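> Below: sequence and its predicted model.
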Amino acid sequence: MVGKEIDPRLAAAVTDEVISFYDALAPEYDRMVRFQQRVEAETQNLQAIVERFGIRRAVDAGCGTGLHAIVLARLGVKVTAVDVSREMVERARANADHLSVEIDWHTAAFEKLPQIVTAPVDALFCLGNTLAHIPPGLPLRRQLDVFQGVLKARGVLILQLLNYTRILREKERVVDVRRVGRQIFIRFYDFLPGGLRFNLMILEENGTDLHHRLQSVSLFPHRFPELKAALRKAGFSTVEAFAGWDGTPFQEEHAKNLLIFARK
């Protein structure tokens, strides 16, 4: 499906699937990603970005339970945070209240950003592999147009994805196995002809019993060459690619992650 158009009805079904996946995952999400432990690390990462680009107003598109939006707010940025999952946004609100930060939260599809963002922003963050939930072809192009439209002149779009060139080449099914208390989180892929299926198996110990739950969602493996071309078509003047927040140059054959800075 990479690079091909997608039927609008299928695009709507993809959105519904994403909502269902993250609504169901919301109660366990912060434990799985070790939310509290990551706040300090992400603060170090994002502080340098805020200072480099002079970010005062920003959008967090695909905010999840609020990690990056909260870190940005604690750095003095005025943040509008958006996610399609109502349950994730409610968790994000609770996390922000606990850490005493104010953020403008919205449960909405990204297409609604022009109505939500009332004034152009310095930066739009779309992190944590969120963009892999957007189908290729027309949906992706439209999404990048929306992102570009809410940025002010010389504003920056910051995208963070996995490096799908490497993933599709190596075809390692098991992504991660992590124990948190009595729960074990197993993340793994199904490699399909048209893309990827991401699976999350949650095992929970209950006395001598071991219960499990399996959740799955489609991913669209966008790769850097197609993203760079799409960003150029959307009106971004410069596109930089890195392997991580430390500024390591992106090498498509080896990097685990892809971090893009695209200037309007």
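It's in.

> name the helices or strands packed onto the longest helix seen in the chain?
Assignment by DSSP state H gives helix 8-33 as the longest helix of the chain. Secondary-structure packing of helix 8-33 (3 or more CB pairs under 8 Å, 6 or more residues apart in numbering; DSSP states H and E): helix 86-98, strand 174-180, strand 183-192, strand 209-219. All C-beta atoms are positioned from the backbone trio N, CA, C, and that covers glycine.

> so where do the strands sit in this structure?
Per DSSP state E, the chain carries strands over the ranges 57-61, 78-83, 104-107, 121-126, 151-162, 174-180, 183-192, 195-206, 209-219, 238-242, 257-263.

> hmm, back to that, for Arg52, which of the helices and strands packed on helix 8-33 is the nearest?
In terms of CB to CB, the element of the helices and strands packed on helix 8-33 nearest to Arg52 is helix 86-98, at 24.7 Å.

> tell me the angle of that closest one relative to strand 57-61?
With axes from the mean of the first three to the mean of the last three CA atoms, to 10 degrees defining the directions, helix 86-98 sits at 140 degrees from strand 57-61.

> what bits of the protein have low per-residue confidence?
Within the chain, the stretches with pLDDT under 70 are 1-12.

> could you measure Arg56 against Leu75, distance?
10 Å (CB to CB, to the nearest Å).

> same check, this time on Ile103
Noted for Ile103: a distance of 12 Å to Leu75, by CB to CB.

> Please apply the same query to Val177.
With distances taken as CB to CB, Val177 is found 33 Å from Leu75.

> Between those two, which is the more surrounded one?
Between Val177 and Leu75, counted using other CB atoms under 10 Å, Leu75 has the larger neighbour count: 17 against 12.

> Look up phi and psi at the more buried one.
phi -90, psi 10 (degrees, to the nearest 10).

> ok, and the closest non-adjacent residue to it?
Val50 (5.2 Å; CB to CB, 6 or more residues apart in numbering).

> what about the closest residue to Gly149 other than its chain neighbours, how many residues close to it?
Closest residue in space to Gly149, ignoring its immediate chain neighbours: Pro114 at 6.0 Å, by CB to CB, 6+ apart. Neighbour count for Pro114, taken as other CB under 10 Å: 11.

> gap between Pro114 and His68?
In this view, Pro114 and His68 are 21 Å apart by CB to CB.

> tell me the most buried of the helices and strands packed on helix 8-33?
helix 86-98 (a mean of 18; mean count of other CB atoms under 10 Å).

> List the residues that contact Ser216.
For Ser216, the contacting residues are Phe21, Asp190, Arg197, Phe198, Asn199, Leu200, by CB atoms under 8 Å, 6 or more residues apart in numbering.

> Please, a PyMOL command that selects the buried ones among those?
Here is the PyMOL command that selects the buried residues among these (16 or more other CB atoms under 10 Å):
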select buried, resi 21+198+199+200
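
> how about TSV for the contacts of Ser216, with distance to Gln44 added?
Listed next are the contacts of Ser216 as TSV, based on distance: CB to CB, whole Å:
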residue	distance to Gln44
Phe21	30
Asp190	35
Arg197	34
Phe198	28
Asn199	31
Leu200	28
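
> Quickly name whichever of the contacts of Ser216 is closest to Ile260.
Phe198 (20.7 Å).

> so that closest one bridges to which residues?
Tyr189, Val217 (DSSP bridges).

> my guess is it meets Tyr189, correct?
Yes. Phe198 is within contact range of Tyr189, at 6.2 Å (criterion: CB atoms under 8 Å).

> Ok, which of the strands of the chain comes nearest Val14?
strand 209-219 (6.2 Å).

> From the chain's centroid, how far away is the closest one?
20 Å (CA atoms, centre = their mean, to the nearest Å).

> Then stretch 143-162?
Worked out by CA atoms, centre = their mean, stretch 143-162 lies 13 Å from the chain centre.

> List the buried residues in that stretch.
143-144, 146-148, 150-151, 155-162.
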